[in-house]
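Novice: following is a predicted model, sequence given first.
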Amino acid sequence: MKSKSVLISMAVIVALSLGLVPLANLASGSFSTSSGGVALVGYYDPPDYHFLTYSYNGYGQPVQGTPVNLTITGASGRNSMSVATNSSGYAVVSMSGDTPGPSVYYSFASGS
């Protein structure tokens, strides 16, 4: 644990991880009821936001056709999109928006 190579390796790993975490800009959210729910994860890859949603029933099985509404609000305005989940319960959305920061917000909602 005290050898130079181990210390240098650990320092490099820590430095890389600290450098990569701010680049991820990961967004996530979910809501559920006794009859199922929707989970969302997203990230910003310039110039677009990319979201993956998954709709499931009370047993965790995929639900097809669940409408998912996503909105990104920033300094340059608001961008909204509605999609429906596929037969595997997934919906993939890419949409443009402002660069992530304290003034950029996203929201999502779903309804049967």
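Specialist: Okay, I see it. Residues are numbered from 1 along each chain as shown.
Novice: which residues touch stretch 44-52?
Specialist: 25, 27, 40-43, 70, 72, 90-97, 99-100, 106, 108 (Cβ atoms under 8 Å, 6 or more residues apart in numbering). From N, CA and C alone the C-beta is placed, and that goes for glycine too.
Novice: how about that stretch: buried residues?
Specialist: 44, 49, 51 (16 or more other Cβ atoms under 10 Å).
Novice: output these in TSV, with distance to residue 85, secondary structure and pLDDT appended to each entry.
Specialist: What follows is the buried residues of stretch 44-52, written out as TSV (distance: Cβ to Cβ, whole Å; DSSP: H, G, I helix; E, B strand; the rest coil; pLDDT from 0 to 100):
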residue	distance to residue 85	secondary structure	pLDDT
44	22	strand	82
49	18	strand	86
51	12	strand	88
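Novice: with distance to residue 10 added, can I get these in JSON lines?
Specialist: Shown next, in JSON lines, are those (distance: Cβ to Cβ, whole Å):
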{"residue": "44", "distance to residue 10": "30"}
{"residue": "49", "distance to residue 10": "34"}
{"residue": "51", "distance to residue 10": "35"}
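Novice: returning to that earlier point: from the contacts of stretch 44-52, which ones fall inside strands?
Specialist: 27, 40-43, 70, 72, 90-96, 106, 108 (DSSP state E).
Novice: what about these, which one has the most neighbours?
Specialist: residue 72 (26 neighbours; other Cβ atoms under 10 Å).
Novice: quick revisit: which two among the ones in strands among the contacts of stretch 44-52 are spaced furthest apart?
Specialist: Farthest-apart pair in the ones in strands among the contacts of stretch 44-52 is 90 and 96; separation 21.3 Å (Cβ to Cβ).
Novice: how is residue 10 assigned, secondary-structure-wise?
Specialist: Classification of residue 10 using DSSP: H, G, I helix; E, B strand; the rest coil returns helix.
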